[in-house]
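J.: fold the following.
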Amino acid sequence: MVSDEIWKFPPTAGYRAGVDLVGYRVEAADGHIGKIDKHSEAVDAAHLVVDTGAWIFGKHVLLPVGTIERIDAATETVHVNRTKDEIRSAPEYDAAKHAGEPSYLEQFGRYYGRPHM
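T.: Residues are numbered from 1 along each chain as shown. Below is the predicted model:
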């Protein structure tokens, strides 16, 4: 069973409700991984969609907000507690599936809810 906490901003992250994180840089535990393309504050499903790079080599991945360690508003950077490899190995985000399938987030919850490196 996956904890619902993965879909909530950690109290220590420094997030203020209503702040749009689109365009912020994303720093994994071991370096830069991409930029935020979409930000959702949905109750019990808050998440970021991160563009991991150039269109031919990158992909869009979903990060539950529970993976955020801290938000630096001054540099517009979000620091997450996952490595670049963990993020790159995540299931790819598909907007068409996400919009039509309520259980779609569950695969991301299982992926990110497991113990990480």
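J.: residue nearest the centroid of this protein?
T.: By Cα atoms, centre = their mean, the chain has its centre lying nearest to Leu63, at 1.9 Å.
J.: and the helix or strand hosting it, what other elements does it pack with?
T.: Taking DSSP states H and E as the criterion, Leu63 maps to strand 60-64. Counting contacts by 3 or more Cβ pairs under 8 Å, 6 or more residues apart in numbering; DSSP states H and E, strand 60-64 packs against strand 47-51, helix 84-88, helix 104-113. Yep, even glycine has a C-beta here, placed from its N, CA and C like the rest.
J.: hmm, Ile33 is touching Lys84, no?
T.: Yes: with contact defined as Cβ atoms under 8 Å, Ile33 counts as touching Lys84 (5.1 Å).
J.: neighbour count: these two, which is higher?
T.: Ile33 (26 against 17; other Cβ atoms under 10 Å).
J.: contacts only, for the more buried one.
T.: 26-27, 50, 52, 80, 84, 87-88 (Cβ atoms under 8 Å, 6 or more residues apart in numbering).
J.: what angle do the one helix or strand it maps to and strand 60-64 make?
T.: Remark: Ile33 resides in strand 31-40, with elements defined by DSSP H and E. Counting by axes from the mean of the first three to the mean of the last three Cα atoms, to 10 degrees, strand 31-40 lies at 80 degrees to strand 60-64.
J.: who does strand 31-40 pair up with?
T.: Strand 31-40 has its sheet partners listed here by DSSP bridges as strand 25-28 (antiparallel), strand 47-51 (antiparallel).
J.: using PDB, list the CA coordinates for it.
T.: C-alpha atoms of strand 31-40 as PDB (Å, rounded to 0.1, in the frame of the first residue of the first chain):
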ATOM      1  CA  GLY A  31      22.400  17.200 -10.200                       C
ATOM      2  CA  HIS A  32      20.200  19.000 -12.600                       C
ATOM      3  CA  ILE A  33      17.400  16.900 -14.200                       C
ATOM      4  CA  GLY A  34      15.100  19.300 -16.000                       C
ATOM      5  CA  LYS A  35      12.400  21.900 -15.700                       C
ATOM      6  CA  ILE A  36       8.900  21.900 -14.500                       C
ATOM      7  CA  ASP A  37       6.400  21.700 -17.300                       C
ATOM      8  CA  LYS A  38       3.200  21.300 -15.300                       C
ATOM      9  CA  HIS A  39       2.300  21.800 -11.700                       C
ATOM     10  CA  SER A  40      -0.900  20.400 -10.000                       C
END
